[in-house]
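Asker: my questions are about this predicted structure, shown below with the sequence.
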Amino acid sequence: MPRLFTALEIPADIAEGLSMLRGGLPGARWISPDFYHVTLRFIGDVDHTVARDAAAALDEIDHFSFDLTLAGVDQFGNHKPRAIFAAVKANEALTDLHAEHERAMKRIGLPPEGRNFRPHVTLARLRDVAPRQVAEYLALRGYFRSPSFPVSRFVLFSSRDSVGGGPYRVEAAYPLM
């Protein structure tokens, strides 16, 4: 059974800038820059028929290209930090594309995504890292901002169940107009 999700890829120059944020946080498991992405819709572990239906539904999405900017570094987990991420600056085109992915997956019978869409690039996974250490890390690096970059396609990724994300494989790519 493949584990699938849709995402936007991060250009190499932006990934290089993000990789400079690595380090300085004991206990963090840093994600390889090769695996940086912005998840649009987690599909999950599905059989090959559902995977084929998902790929076909995604092929029907007709959306325009747009620019994205990463603005700020933050954490998920509040008092029990579990991840460090680069936030995506609010973007209506991205929100619309996400909604199209959600509708496409509902049409093929998948349940709605249970979490609110908060676009980001995961930089590190945390386990047993003190909130104070995370706060110190964010105080030094939280103001990161990338140059804007064009988004001209989204991809259907497959992954295997692993600790820390990746490796990911592009199963299909869908150009944006």
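Answerer: Done, it's in.

Asker: average pLDDT across the strand or helix carrying Glu136?
Answerer: Glu136 is part of helix 131-141 when elements are defined by DSSP states H and E. For helix 131-141, mean pLDDT rounds to 96.

Asker: buried sites along it?
Answerer: Neighbour-count burial for helix 131-141, counted by 16 or more other C-beta atoms under 10 Å, picks out Gln133, Val134, Tyr137, Leu138, Arg141. Yep, even glycine has a C-beta here, placed from its N, CA and C like the rest.

Asker: average model confidence for the helix or strand harbouring Glu16?
Answerer: Per DSSP H and E: Glu16 is located in helix 12-19. Helix 12-19 comes out with an average pLDDT of 98.

Asker: for the helix or strand just after it, packing partners?
Answerer: Downstream of helix 12-19, the next assigned helix or strand under DSSP H and E is strand 28-30. Of the remaining helices and strands, those touching strand 28-30 by 3 or more C-beta pairs under 8 Å, 6 or more residues apart in numbering; DSSP states H and E are strand 120-126.

Asker: in the strand it packs on, what's buried?
Answerer: His120, Val121, Thr122, Leu123, Ala124, Arg125, Leu126.

Asker: what angle sits between the helix holding Glu136 and strand 120-126?
Answerer: 140 degrees (axes from the mean of the first three to the mean of the last three C-alpha atoms, to 10 degrees).
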